[in-house]
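K.L.:
okay, sequence plus prediction incoming.
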Amino acid sequence: MHRYIPHTEEEIKQMLQEIGVSSIDDLFVDVPKTIDGYNIPEGRDEFTVKKIVEGLAKENVHFEPTNVFLGAGVYYHYIPSVVRHMASNPNFVTAYTPYQAEVSQGTLQMLFEYQTMMCELTGMEVANSSMYDGASAFAESLLMATRITGKTKMLVAESINPEYRTVAKTYTKPQGIEIVEIKYDETGRIDLNILRSSLSEEIAAVAVAYPNFFGVIEDLKAVREVIPQNIVFIVVAEPVSLALLEAPGKFGADIVVGEGQSLGVTPNFGGPGIGFFTTLEKHVRKMPGRIIGETKDLEGKKGYVMILQTREQHIRREKATSNICSNQAYIALINAIYLSTMGPQGLKEVAWRSYNNAHVLAKMLEEKGFERIFKGEFFNEFVIRVPDNYREKWHNMVKEGILGPIPVDRVYKTLGPSALACATEVNTKESMKKLVEVMSK
Amino acid sequence: MTIFEKSVAGRKGYELPVYDVEELTCEIPQHLVRKEPPMLPEVSEVDVVRHYTDLAMKNYSVDRGFYPLGSCTMKYNPKINEDMAALFTDIHPFQPRETITGAVKLMGHLKELLCEITGTDDMTLQPAAGAHGELTGLLVARAYFEDKGELEKRRKVLVPDSAHGTNPASAAMAGFEVVELKSGEDGCVNLDELKTHLDESVAVIMLTNPNTLGLFEKDILKIAQMAHEVGALLYYDGANLNAIMGRTRPGDMGFDIVHLNLHKTFSTPHGMGGPGSGPIGVKKHLAPYLPVPVVRKTESGYDLDYNLPKSIGMVRSFYGNFLVMVKAYTYILTMGNKGLKHVSDMAVLNANYLRKKLSKLYQVAYDRICMHEFVIDNEEFAKKTGVKTLDIAKRILDYGMHAPTVYFPLIVHEAMMIEPTETESKMTLDKFVEIMEKIYNEAHSDPELVKKAPYTTPIRRLDDVTATKFPVFRFKK
């Protein structure tokens, strides 16, 4: 007997009798017995298990969100209590993919509303109901560009999150896709001259991030003007910034993807987060992932179902638009609850305060002699030049309870000693002062 | 009603902290400043609470009742798992290494446990779902053959027709040519069929064992030998591991690559479709190709190893769906050695009990000892009564249970695939049998009644054909 497994000895006996075998072992006659149990400890009671896992949790250093100045793709924002409470409902947590729509209207309506919200933020026409994370969403956007154009060469801004580019290379290599990285200029934006001269008939897509990894806001209008209409324009967007920045859809983006962690999701040591994926109706049949649509039941009542499933792997198998099956629907729920709670005004205030705090912090650091490397206008992150011994200092800041700007010169070697500083609405005047003080020591 | 229709201009559900930072002017170039705010709901906190509570009530879930979806392993999700995951939510993945010792150690412990359970030598925890693990595994296989200089000739991946739809899709994404293997009359891989396709042009054979008919591939040791003789790799789809724990290990059976669905066998919740987690374990010869970083034991504890020159790269950012790993780790600590074996014993017992009971009315596709799931074939039933599998499924909903998986595997027409899992009691199974009996009788006495089901659900049967023909992708005012 085990608390998760309800069978009594008596019931087991009755069931074996019904089946017509004399022991459990008789049910496993086809299975070659290669082991007699595992070389792992026996099960433990709940109290003991808690102690073990809590012990591991205590070995991590937990920072006050006000003292965190590290973003680089994962952001601390204020998450209203209602988000966690509503998302904890077991009818969301312990439900499965909505295969039986009639008893999954909660999931389906929620995802339909989530898709609407992502369309609104990005200015696009269609959203799917989620991808694994921003990196895999970006990788899939390149595969989709190949399906749209039949071409395999991609121009990708070097200022896109390095992990996203790494993941994209892993995903696209087997398809023979060639990725050409386009350098940034002194503003930190994509170098339009290099972009222009890299264009050719063979190009499937051009991809930029908005804001990019350096926090710099790409001029999407200028980029779109450079690239011909038949080239797929991919934008990797940071969703909170879109409350302040013009939607990529307004600049003729074909695909807008990104990481939704900043919309109400805790950092989670990097996962789960969520990839969002949006596009135009004309491209929808080339899109990966599950899509929810509105319909009616046989009495004419409005309801929701999964649509366009013929693109998906359980029907099209090797000809599917992608192999994605499990997604991050639960995180989409968190995004939807957060966006419902914040509304357009709340999200804009969050975006504005993040912007303002980052700019105040930049000014404070500049006054102490930390030069901002790129001249381009930025959102909530910016790159500063730091002393040679900064990495050591970064580690030492832990002792002051500060998670400081992350060194980025290991990835962007030509920048020299540099760090990416981030601020959001959770940082305070006081915490910023403290950071500047610690950094100037 | 959608949340957008509940929206009232000017209403709000948030409050931000007091703000004492001097406000600067916005320097964003005018043409890059948003002109129209996004149409997000404007609602109060209580509106949010009622909306999402109302939605939750329209959902069926494991916590509400029996969820016998074949191939999905909808077992009970222990509550302690959630509590333990909550201890790790506020760590940033880029924190300095010395501040994430506990998290890395947890990954190290989990990896060792899973390597022991799968019989593999090394493992990545990075893939975010089972299908993501499949893709990763095939990319590893690809890198392995590329390194050996054999990629040019090894273009094929063999996949039985009883495999999950993700298998061929993953193989295609990894750039291989997919060859379908027709199952034999006994529902297993046919060795003669295998022989006709198996030569040095094959890179990988992908198998689910037990397969999606709930049958154990009895010739597995022979298949492994045949695969290795031509230099091909054998891939294990671990979605069905729930049936064999404690008795055999994929690695021992000869599999070179194994993916696991932590959200299935290891009891982490499915969250309406994800997040999942799909670690892959590999034998030694494939370890150099795993995605970075790989967690490894060091002299002083555990560390993240990025130094794999032959690595396929990364398949997602950071380390994977870490919180899902915490839940699976908690589960393994809770169940332990004997507990995991007990899981499989009871899962298989439940499936066979249901099979036996239902076979008195319905036709079981392969009516012999099954593993943790089995398939009903309603083709004859549908011909006789006009009631199709889908109708039966919808009628089950009326009686307050979730329906089994329908129309899968594709090789059984009118298939209904039933997986009770170990966490369901005899009482629940008997109740399900009772419902299936009622529906059987209804189908014979009043088929129209069943064909128009469901009646008692929040909404009646939905029109998904029109929904796809004239798609409505989003709410519009």
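P.N.:
Cool, got the structure. These numbers were taken from a predicted model, which means no experiment stands behind them.
K.L.:
right, and residue B:35 touches residue A:246 too?
P.N.:
Yes - in this structure, residue B:35 is within contact of residue A:246 by CB atoms under 8 Å, at 6.7 Å. Every residue, glycine included, has its C-beta placed from N, CA and C.
K.L.:
show me what residue B:296 is bridged to.
P.N.:
Beta-bridge pairing for residue B:296 (DSSP bridges): residue B:303.
K.L.:
neighbours of it, how many?
P.N.:
14 (other CB atoms under 10 Å in any protein chain shown).
K.L.:
any idea how far it is from residue B:303?
P.N.:
6 Å (CB to CB, to the nearest Å).
K.L.:
got it, and residue A:31?
P.N.:
37 Å.
K.L.:
who has more neighbours, the two?
P.N.:
The residue with more neighbours, out of residue A:31 and residue B:303 and counting by other CB under 10 Å, is residue A:31; that gives 22 against 18.
K.L.:
what helix or strand is whatever residue of the stretch 301-441 of chain A ends up closest to chain B located in?
P.N.:
In the stretch 301-441 of chain A, the residue found nearest to chain B is residue A:330; the distance is 2.9 Å by CB to the nearest CB. Element membership of residue A:330, judged by DSSP states H and E, is helix A:329-367.
K.L.:
which secondary structure elements does that helix sit against?
P.N.:
helix A:81-87, helix A:90-93, helix A:105-122, strand A:381-385, strand A:418-422, helix A:429-440, helix B:45-57 (3 or more CB pairs under 8 Å, 6 or more residues apart in numbering or on different chains; DSSP states H and E).
K.L.:
who wins for proximity to residue A:75 among the ones you listed?
P.N.:
Each of those has some distance to residue A:75 by CB to CB; the shortest is strand A:418-422, at 7.0 Å.
K.L.:
also compute the angle for that closest one relative to strand A:381-385, please.
P.N.:
Orientation of strand A:418-422 against strand A:381-385 (axes from the mean of the first three to the mean of the last three CA atoms, to 10 degrees) gives an angle of 150 degrees.
K.L.:
which strands border strand A:418-422, and is each parallel or antiparallel?
P.N.:
With DSSP bridges as the test, strand A:418-422 pairs up with strand A:381-385 (antiparallel), strand A:406-407 (antiparallel).
K.L.:
can you name the residues of the stretch 351-477 of chain B sitting close to chain A?
P.N.:
Residues of the stretch 351-477 of chain B lying close to chain A (CB under 8 Å from any CB of the partner chain) are B:352-353, B:356-357, B:369, B:393-394, B:397, B:402-403, B:405-406, B:408, B:422-426, B:452, B:454, B:457-464, B:466-468, B:471-475.
K.L.:
next step: those residues restricted to helices.
P.N.:
B:352-353, B:356-357, B:393-394, B:397, B:426, B:464, B:466-468 (DSSP state H).
K.L.:
now do the helices in the chain.
P.N.:
Went with chain A since none was named. Going by DSSP H, chain A shows helices at A:9-19, A:46-58, A:81-87, A:90-93, A:105-122, A:134-149, A:162-172, A:192-198, A:220-226, A:313-316, A:329-367, A:390-396, A:429-440.
K.L.:
not quite, go with chain B.
P.N.:
Under DSSP H, chain B gives helices at B:45-57, B:79-85, B:101-118, B:130-148, B:166-173, B:191-197, B:220-229, B:250-253, B:322-358, B:379-385, B:389-398, B:426-445, B:447-451, B:464-469.
K.L.:
flag every buried residue along the fourth one.
P.N.:
Okay, so that is helix B:130-148. Neighbour counts using 16 or more other CB atoms under 10 Å in any protein chain shown place B:130-146 of helix B:130-148 among the buried residues.
K.L.:
low-confidence bits of the stretch 251-400 of chain A, can you list those?
P.N.:
For the stretch 251-400 of chain A, no stretch is flagged by pLDDT under 70.
K.L.:
next one: chain B
P.N.:
Judged by pLDDT under 70, no stretch of chain B qualifies at all.
K.L.:
distance to residue A:438 for the strands paired with strand A:418-422 - can I get that in TSV?
P.N.:
TSV is the format used below for those (distance: least, CB to CB, whole Å):
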stretch	distance to residue A:438
strand A:381-385	14
strand A:406-407	15
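K.L.:
export the ones you listed to TSV and append columns for mean neighbour count.
P.N.:
Output for the strands paired with strand A:418-422, formatted as TSV (neighbours: other CB atoms under 10 Å in any protein chain shown):
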stretch	mean neighbour count
strand A:381-385	24
strand A:406-407	21
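K.L.:
so which of the ones you listed comes closest to residue A:3?
P.N.:
strand A:406-407 (43.8 Å).
K.L.:
pull the distance from the closest one to the chain's centre.
P.N.:
A distance of 20 Å separates the centroid of the chain from that of strand A:406-407, by CA atoms, centre = their mean, to the nearest Å.
K.L.:
give me the contact list for it.
P.N.:
A:70, A:72, A:386, A:390-391, A:394, A:417-420, B:94 (CB atoms under 8 Å, 6 or more residues apart in numbering or on different chains).
K.L.:
now with 7 Å, please.
P.N.:
A:70, A:72, A:390-391, A:394, A:419-420, B:94 (CB atoms under 7 Å, 6 or more residues apart in numbering or on different chains).
K.L.:
what does stretch A:309-316 give?
P.N.:
Counting by CB under 7 Å, 6+ apart, A:285, A:320-321, A:323, A:325, B:165-166, B:169 sit against stretch A:309-316.
K.L.:
same question for stretch B:152-159.
P.N.:
B:145, B:167-168, B:171, B:176-181, B:197, B:200-206.
K.L.:
how many residues are close by the residue nearest to residue B:433 when sequence neighbours are not counted?
P.N.:
The shortest distance from residue B:433 to any non-neighbouring residue, by CB to CB, 6 or more residues apart in numbering or on different chains, is to residue B:357 (4.6 Å). Residues within reach of residue B:357, counting by other CB under 10 Å, total 20.
K.L.:
for residue A:17, same thing?
P.N.:
Count around residue A:17 with other CB under 10 Å applied: 11.
K.L.:
who has more neighbours out of residue B:35 and residue A:246?
P.N.:
Per other CB under 10 Å, whichever of residue B:35 and residue A:246 has more neighbours is residue A:246, with 22 against 9.
K.L.:
check contacts around residue B:32.
P.N.:
So residue B:32 contacts A:217, A:219, A:245-246 (CB under 7 Å, 6+ apart).
K.L.:
can we see that at 10 Å?
P.N.:
Residue B:32 makes contact with A:210, A:217-222, A:244-246, A:250-251, A:377, according to CB atoms under 10 Å, 6 or more residues apart in numbering or on different chains.
K.L.:
so what's it closest to, chain neighbours aside?
P.N.:
With CB to CB, 6+ apart, the residue lying closest to residue B:32 is residue A:246, at 5.4 Å.
K.L.:
what's the burial count for residue B:412?
P.N.:
With other CB under 10 Å as criterion, residue B:412 counts 22.
K.L.:
swap in residue B:98?
P.N.:
What residue B:98 shows, counting by other CB under 10 Å, is a neighbour count of 9.
K.L.:
cool, the one 4 residues further on as well?
P.N.:
Residue B:102: 20 surrounding residues under other CB under 10 Å.
K.L.:
name the nearest residue to residue A:172, sequence neighbours excluded.
P.N.:
residue A:142 (5.4 Å).
K.L.:
and stretch B:438-445, how far out from the chain middle?
P.N.:
33 Å.
K.L.:
what's in contact with it?
P.N.:
Residues contacting stretch B:438-445 (CB under 10 Å, 6+ apart): B:358, B:360-362, B:378, B:381-382, B:384-388, B:391-396, B:398-399, B:448-451, B:453.
K.L.:
residues in contact with residue 139?
P.N.:
Just so you know, I chose chain A. Here residue A:139 is in contact with A:131-133, A:164-172, A:177, A:257, A:275, A:288, B:314-316 (criterion: CB under 10 Å, 6+ apart).
K.L.:
not quite, I wanted chain B
P.N.:
Contacts of residue B:139 (CB under 10 Å, 6+ apart): A:170-171, A:173-174, B:170, B:173-175, B:280, B:289-291, B:312-313, B:315.
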